[in-house]
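**Q** Mind folding the following:
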Amino acid sequence: MIDRNKGKIAATSAERRLGSTTLRGRLPWLIVLLAVLAAAPFVLSRWVSSPTTSNVGSVGNTFAARRGDLIISVTESGSIRARQTIDIRSEVYGEQTIISLVPEGTYITQQDVDAGKVLVEMDASSLEERLKEEEKGLASDEATLTEAQEEYHIQQNQNESDITAAKLAVQFGLLDLQNFLGKTASQKLLAQVAQDPNVTIEVATLAEFLDEPNNLGGEALQTQKQYENDILLAEGQFEKATDVFDGTEKLHDANYASDLDLKSARLDVDRYRIQKESAEEALRLYKLYALPKQTIQLLSAYREAGHELRRTEARARSRMAQAQARLSNAEEDVTESREDVQRRIRHVAACTIRAPAPGLVVYSSSGDSYRREERGPIQELSLIHISEPTRPLYISYAVFC
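**A** As a prediction, the model looks like this:
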């Protein structure tokens, strides 16, 4: 019997011409080939079963079968179309030089795929130089990011310290005011100021307010009492000096006291009267000027401390916004630099194209007359220009399986 698996089709010329797509009428040729293959067993059986003078053996009407090649000649033109096509494209764009290239028509086996067989390799030296530059840029951006992060934390701590100090200034200002005027007077005065923060405290109005009973306290009350004590002491001494003068004058009239004693007693009266008047004037001036002035200074310091606290908080927000903006910009720069480095790494890796599947390698430009005539055939050390990374490349391959 005939071993049909050993039949071979002489299609060497068709294989050589597959990549260039110069065969015409592929489908008719394939139909003829299949028809011949399908009819071959029937023809052979008819030829074997019909005895002739040349094929009759020594035993009856039989024929001695022998193993051999079944040669079929095809006289019609046509072409063969691949059942599955894989287009291989490169992510690299720009001008690139081909270093190595597998010959067109090379058949890739599964062992080649497993071993990572290289189909085409392009010069990646310029890309590697750019990769080094972008890695340096990434390192610089990362250093800037670290600096921005540190500045952000420093500014955050500085703001907290400034705000805390401003709050303490407000607290100390209130304590100073209460210490001077007393808590009751301070609360009443601050309540009046709170109704209109822009109000200007008049000295006369404040003096009247402080002169009211039970309004004054603290250091101001102690100072006022000191002035009042000075007045009482001066009054006592003045009264005593007056009594002494009256007694001395009577003794002088009775010739029991000299003129010098009378004169000395009169001087004491004048001296203590002046002390009394001075003490009274000091208290009046204190209530009219010194007390309101010191009160206004302490009140203004307290109010200014509150304004400074609000300004400090506003400056803190502004500085934090600036620090956050610098940090965000630094983070974006690092992200972009990392993406550039990763993209460049992919481009360098894409300069080496490996076989993705078994099949027959065919150049995609074999049927491109423009590429063939204007740019020449793809070959090693040829310069190619890829305008877009997503565009089918002239160096890409169609792998027919």
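**Q** neighbours around residue 269, how many?
**A** Residue 269: 20 surrounding residues under other Cβ atoms under 10 Å. Glycine gets a C-beta too; all of them are placed from N, C-alpha and C.
**Q** tell me which element it is part of?
**A** Element membership for residue 269, per DSSP states H and E: helix 259-285.
**Q** tell me the angle the helix or strand just after that helix makes with helix 259-285.
**A** Downstream of helix 259-285, the next assigned helix or strand under DSSP H and E is helix 291-350. Going by axes from the mean of the first three to the mean of the last three Cα atoms, to 10 degrees, helix 291-350 is angled at 40 degrees with respect to helix 259-285.
**Q** The helix or strand following helix 291-350 pairs with which strands?
**A** Using DSSP H and E, the next helix or strand after helix 291-350 towards the C-terminus is strand 352-354. Sheet pairing of strand 352-354 (DSSP bridges) gives strand 118-122 (antiparallel).
**Q** Show residues contacting the strand it pairs with.
**A** 88, 90, 92, 96-102, 108, 351-355, 361, 395, 397 (Cβ atoms under 8 Å, 6 or more residues apart in numbering).
**Q** tell me the mean pLDDT over it?
**A** For strand 118-122, mean pLDDT rounds to 84.
**Q** that older thread, mark which of the contacts of strand 118-122 are part of strands, please.
**A** Of the contacts of strand 118-122, the ones assigned to strands by DSSP state E are 96, 97, 98, 99, 100, 101, 108, 352, 353, 354, 361, 397.
**Q** By pLDDT, rank the residues you listed and give me the bottom one.
**A** residue 397 (45).
**Q** Can I have the buried ones of the contacts of strand 118-122 as a ChimeraX selection?
**A** Selecting only the buried entries of those in ChimeraX, with 16 or more other Cβ atoms under 10 Å as the criterion:
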select :88,90,92,96,98,99,101,102,108,351,352,353,355,361,395,397
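**Q** Hmm, residue 125 and residue 99 touching each other?
**A** No: using Cβ atoms under 8 Å, residue 99 makes no contact with residue 125, being 9.9 Å away.
**Q** Can you list the residue ranges for helices in the stretch 51-200 of the chain?
**A** Assignment of helices within the stretch 51-200 of the chain using DSSP state H, counting those that start in this stretch yields the ranges 110-114, 125-181, 183-195.
**Q** The helix holding residue 269: which residues count as buried?
**A** For helix 259-285, by 16+ other Cβ under 10 Å, it's 261, 262, 265, 268, 269, 272, 273, 275, 276, 279, 280, 283.
**Q** between the residues you listed, which is closest to residue 162?
**A** residue 283 (43.2 Å; Cβ to Cβ).
**Q** Just list the residues touching the closest residue in space to that closest one that isn't next to it in sequence, thanks.
**A** Using Cβ to Cβ, 6 or more residues apart in numbering and skipping residues adjacent in sequence, the residue nearest residue 283 is residue 227, 3.8 Å away. Residue 227 makes contacts with 279, 282, 283, 286, as judged by Cβ under 8 Å, 6+ apart.
**Q** Need the residues you listed in TSV (columns: pLDDT and distance to residue 140).
**A** Formatted as TSV, the contacts of residue 227 follow (pLDDT from 0 to 100; distance: Cβ to Cβ, whole Å):
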residue	pLDDT	distance to residue 140
279	91	78
282	91	73
283	89	74
286	87	69
